[in-house]
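In: Generate a structure from the sequence data that follows.
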Amino acid sequence: MLPILSLFDALLTLHILKIGGTEENPFISYLLETSPLLMVIVKMGLTLTGYFVLKIFEYKRTLAVLTFCYFCLIVYEVGLIWLVTERI
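Out: As a prediction, the model looks like this:
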């Protein structure tokens, strides 16, 4: 579930940027300037690395908390998109 939420986060980030948002993370911003595809690949790679480490060492509670946090982030991003597009 966490990898899927991470992918949604990356895609929603691209959509938010498309409708006028800005990326405040300097590293991600640099990747975006280089290539949006590179940003998605690196972001997914970092998330998947952490995900598999937590799975291997069976940190189930940590995975549950991170999954919940990603879910909250997705809800926030969808709400942000909705608010911005309602004003247009």
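
In: and stretch 4-17, which residues are buried?
Out: 5-6, 8-10, 12-14, 16 (16 or more other Cβ atoms under 10 Å). From N, CA and C alone the C-beta is placed, and that goes for glycine too.

In: Which residues outside it are in contact with it?
Out: 23, 28, 32, 36, 39-40, 43-44, 47-48, 51, 67, 70-71, 73-74, 77-78, 80-81, 84 (Cβ atoms under 8 Å, 6 or more residues apart in numbering).

In: Would you mind checking these for buried ones?
Out: By 16+ other Cβ under 10 Å, the contacts of stretch 4-17 give 23, 32, 39-40, 43-44, 47, 51, 67, 70, 73-74, 77, 81 as buried.

In: any chance of those in TSV, plus secondary structure?
Out: Putting the buried ones among the contacts of stretch 4-17 into TSV (DSSP: H, G, I helix; E, B strand; the rest coil) gives the following:
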residue	secondary structure
23	coil
32	helix
39	helix
40	helix
43	helix
44	helix
47	helix
51	helix
67	helix
70	helix
73	helix
74	helix
77	helix
81	helix
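
In: does residue 72 count as helix, strand or coil?
Out: Reduced to three states by three-state DSSP, residue 72 is helix.

In: distance of it from residue 32?
Out: 23 Å (Cβ to Cβ, to the nearest Å).

In: Excluding chain neighbours, what is closest to residue 39?
Out: residue 31 (4.0 Å; Cβ to Cβ, 6 or more residues apart in numbering).

In: tell me the contacts of the one you found?
Out: Contacts of residue 31 (Cβ under 8 Å, 6+ apart): 38-39, 42-43.

In: can you rerun that using 7 Å?
Out: Under the criterion of Cβ atoms under 7 Å, 6 or more residues apart in numbering, the neighbours of residue 31 are 38-39, 42.

In: mind checking pLDDT for residue 14?
Out: Looking at residue 14, its pLDDT is 96.

In: low pLDDT regions in the chain?
Out: Across the chain, the ranges flagged by pLDDT under 70 are 88.
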